[in-house]
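Visitor: I need the structure of the sequence given here:
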Amino acid sequence: MTTRASLARTAAFAALYAAAIIAGRSTVIGDTRMALVWPAAGVAIVWLCAQRGARTRWADLAALVAIAWIGNAATGTGLLLGGTLAAANLVMAVVFVWLLSRFRPALWGAGGNQRLSNPWELGSLLGFAAVAAAAGAVIGLTGLSLTTGHLSAVSFADWMARQVTGMFVIGTGGLWLAHKAEALRRDWWHTTDRALRAVPGRRVGEALAVVLCSAGAYLVGFVYDGGLPLAFPLIVVTVWAALRLNTTFVVLQNLTLGSAAVWFTLHGEGPLAAIADPLLRALVAQMFVVLITTVGLLLALGRDERAALLAELAAQKEQAARHAVLMNAIIDSMDDGLSVVDADGRITLRNPAGVRLLGHATMVGDMQARLCHLDGTPIAAADLPSARAGRGEQVDPMDMLVRDPDGRDARVFRVTATSLTEAHGARSAVVLYHDVTAERRQRDQLADFAGVVAHDLQSPLTVVEGWTEVATDALDAAPAHPAIDRSRDGLTRVAGAATRMRGLINDLLAYTSARDADLAPESVDLTDLVRDITAARTDAAVTAGQPVPQVVLDPLDPVHADAGAVRQLLDNLIGNAVKYTAPGVTPRVAVTSTREGDAVRITVADNGIGIPAGQHKAIFDNFHRAHAGTGYAGTGIGLAICDRIVARHGGTITAGDNPGGGSRFTVTLPAAEQPAEPALVLPTTPAPAGGLRPTGRATLAPSARTEARPLASSAETARAA
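Guide: Okay, here's the model as predicted:
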């Protein structure tokens, strides 16, 4: 808001506030100097709320004090009392607005993004008005007592009633109408059109009837009452409007009827004017206005809240129905069979694929005779995945045979069961059946094919290597000649190609095994396993006349995995770390582990040549070589094998840079249930020259190793780098 617009709004509210001061002072009761009503308290609240974000707040506060002081002094209070009452008016407005901004910020002014929506918010506004009136009474009643010389409980009650009525009735109505005005300002056309469309014709007629009945009721209750106390039936029209008509209409009706009640009482008409004591008459009049306002708004807001809840419930019901239709469509379109089995073994839900795969049995027990393990042994009822999940157990996916009813054919299903807790506390099981018969058949065929290929390719390869060696020996015995040298060079190339071919065949077989071979998880002692791998690498380095690698090994946490697969995984990682080292540099590898809940994080760090930037993920792809053409032999399958092994165990593998130079591979595998305390045996014999040296942690020497089992892949398997 610009400064000019803010000052213009200040001037408008100043004029309205001055009119409220004059209207309030015109209702002063006798010589009490106390007004019957004080609408200025409510106008001040609306004023400060509307100007809450203005740059000229100081002008609003100054104008509010000046107008109240001048208005009170000009109507007979005197300068001292007028200034005291002006200060009290300012304190009440500031306290109310502060409470509103602190506890109901969404209702904070004309720009608030929320209107009154429930009786709790209405009650909080009434409480704010009471607190603010009490704060103003400290100043205002003190000034009155000093001026008039007396102060009574009735005076305090009248002050509270008058100020609470002004702030609550005018403030609540102003905040509500300000919200509506803000909505009209933002989008006048659509807001008006939507409001008109939402009001049917019969509502317009009913509103006119309420207006006519209200006018008639107040004329009867205050003018033509025949001296009878007929004020209580006037609440009927307020209740009628609150239950049937728009809340904005109720707010306007409350303001109108409250003003009418005060006007009639001020002019000596109606049952309230019959009260002799002017202070009591003012107190009862204020209580009547607050009563009709509170009753009307409570009923209207309660109705609106109930309507909003019913609309939300209907929307949620419709959304749930759409969601149910969508879920049924998804379940029915699945190729996998799905069943829901309750605690008694009854199949309460199944999809068409489940009927196609398993038939129309209604009880799991009816199918038990058809279910068995892969080796053909029956599955006990208590060991069925649905029964275990129904007991709340964690069920890993398992393969089982499902025979046809005639027993002549069987299919392999991968069965997954998940526990489902229903609303009343009973457990059911959601069972998913995936037919893997074709996949297993294809896997077996692929394994057979791989075996045949390995045998058929390795046999001629062995012949090539053998005759190459014979030819080389023959050339070595021949006299020197340039042609002999060229032939010897060619045979060397053939021998190298044959060696690479054998490594590729072994790696392909290892990758196939890592991808398709059945896993037999068990507790694996990684410390002994790495010690065994290190010893084999040390022997290979000594035999080849290369620097003996230094492996620093912390006590490693045991894992629950397939021992052969984990050996292949760590052998590839350590072998890559040893191989991909700069010439003349002694390989150094550090293997550590950390248990993190149900997983073990294993780190293999080296001092090698590292991984080129941007290839830390690509090195796990098949046949990817980050250092191709640099003289490091390999096929680019080694890390693909590692990635597959880790994935089949439900873990992860990542590659990064070692802060000290080189690479760092991090692997997570399932932890063993009861990790054993590893015991490292330090070398009892000196390590060979250039061998492993103590580094503060346990280091492995060749003498500490046990006999290594044959590795599943070639020692030359390349890190896909």
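Visitor: Contacts for stretch 651-663 next, please.
Guide: Identification of contacts with stretch 651-663 by CB atoms under 8 Å, 6 or more residues apart in numbering yields 577, 580, 599, 605-611, 616-617, 619-620, 639, 642-643, 646, 664-670, 721. Glycine gets a C-beta too; all of them are placed from N, C-alpha and C.
Visitor: List the buried residues for that stretch?
Guide: Across stretch 651-663, burial judged by 16 or more other CB atoms under 10 Å covers Gly651, Ile653, Ala655, Asn658, Gly662, Ser663.
Visitor: Now, of the contacts of stretch 651-663, which are buried?
Guide: Buried among the contacts of stretch 651-663 by 16+ other CB under 10 Å: 577, 580, 599, 605-611, 616, 619-620, 639, 642-643, 646, 664-665, 667-669, 721.
Visitor: Just the ones of those in helices?
Guide: Judged by DSSP state H, these include Ala577, Leu639, Cys642, Asp643, Val646 as members of helices.
Visitor: Between those, which sits nearest Met400?
Guide: Val646 (26.2 Å; CB to CB).
Visitor: pretty sure the closest one contacts Thr666?
Guide: No. Between Val646 and Thr666 there is no contact under CB atoms under 8 Å: 10.4 Å.
Visitor: What is the burial count for Val169?
Guide: 27 (other CB atoms under 10 Å).
Visitor: Please name the residues that touch it.
Guide: Counted by CB under 8 Å, 6+ apart, Val169 has contacts Gly42, Asn254, Leu255, Gly258, Val289, Val290, Thr293.
Visitor: of these, buried ones?
Guide: Gly42, Asn254, Leu255, Gly258, Val289, Val290, Thr293.
Visitor: Tell me the one of those nearest Glu393?
Guide: Thr293 (62.4 Å).
Visitor: Which of the three states applies to that closest one?
Guide: helix (DSSP: H, G, I helix; E, B strand; the rest coil).
Visitor: who touches it in this structure?
Guide: Contacts of Thr293 by CB under 8 Å, 6+ apart are Phe168, Val169, Thr172, Asn254, Gly258.
Visitor: what's the spacing between the fourth one and Val28?
Guide: Think Asn254. Shown here: Asn254 relative to Val28, a distance of 24 Å by CB to CB, to the nearest Å.
Visitor: Same question for the third one.
Guide: Applying CB to CB, the value for Thr172 to Val28 is 25 Å.
Visitor: Who has more neighbours out of those two?
Guide: Thr172 (26 against 17).
Visitor: Please name the nearest non-neighbouring residue to the more buried one.
Guide: Nearest non-adjacent residue to Thr172, counting by CB to CB, 6 or more residues apart in numbering: Leu125, 5.6 Å away.
Visitor: Doesn't that neighbour lie inside a strand?
Guide: No. Counting by three-state DSSP, Leu125 is not part of a strand but helix.
Visitor: That one is in contact with Phe168, isn't it?
Guide: Yes. Leu125 lies in contact with Phe168 (CB under 8 Å); the separation is 6.4 Å.
Visitor: So between these two, which is more surrounded?
Guide: When neighbours are counted by other CB under 10 Å, Leu125 and Phe168 differ, and Phe168 comes out ahead with 28 against 22.
Visitor: Tell me the pLDDT of that one.
Guide: What the model reports as pLDDT for Phe168 is 90.
Visitor: Not counting sequence-adjacent ones, nearest residue to it?
Guide: Per CB to CB, 6+ apart, closest to Phe168 is Ala129, 4.3 Å.
Visitor: Thought Gln163 was touching the one you found, still the case?
Guide: Yes. Ala129 lies in contact with Gln163 (CB under 8 Å); the separation is 7.4 Å.
Visitor: So which residue of this structure lies furthest out from the middle?
Guide: In the chain, the residue that sits farthest from the middle, by CA atoms, centre = their mean, is Pro479; the gap is 81.2 Å.
Visitor: Tell me the spacing between that one and Thr472.
Guide: The value you get for Pro479 to Thr472, if CB to CB is used, is 16 Å.
Visitor: ditto for Leu16
Guide: 112 Å.
Visitor: ok, Gly216 - contacts?
Guide: Contacts of Gly216 (CB under 8 Å, 6+ apart): none.
Visitor: Next one: it from Ile602, what distance?
Guide: Counting by CB to CB - Gly216 and Ile602 are separated by 90 Å.
Visitor: One more: Leu349?
Guide: Using CB to CB, Leu349 is found at 43 Å from Ile602.
Visitor: ok, now Arg322?
Guide: Here Arg322 is placed at a distance of 48 Å from Ile602 (CB to CB).
Visitor: Also Val138?
Guide: For Val138 relative to Ile602 (CB to CB), the value is 73 Å.
Visitor: So these two - more neighbours on which side?
Guide: The residue with more neighbours, out of Val138 and Ile602, is Ile602; 26 against 10, by other CB under 10 Å.
Visitor: hang on, that one packs against Thr666?
Guide: Yes. If you go by CB under 8 Å, Ile602 and Thr666 touch, sitting 7.2 Å apart.
Visitor: Mind jotting down where the strands sit in the protein?
Guide: Under the criterion DSSP state E, the chain contains strands at 337-341, 347-350, 371-372, 398-403, 410-421, 427-435, 521-524, 550-553, 559-562, 588-596, 599-606, 652-657, 663-670.
Visitor: That concludes my questions; thank you for your assistance.
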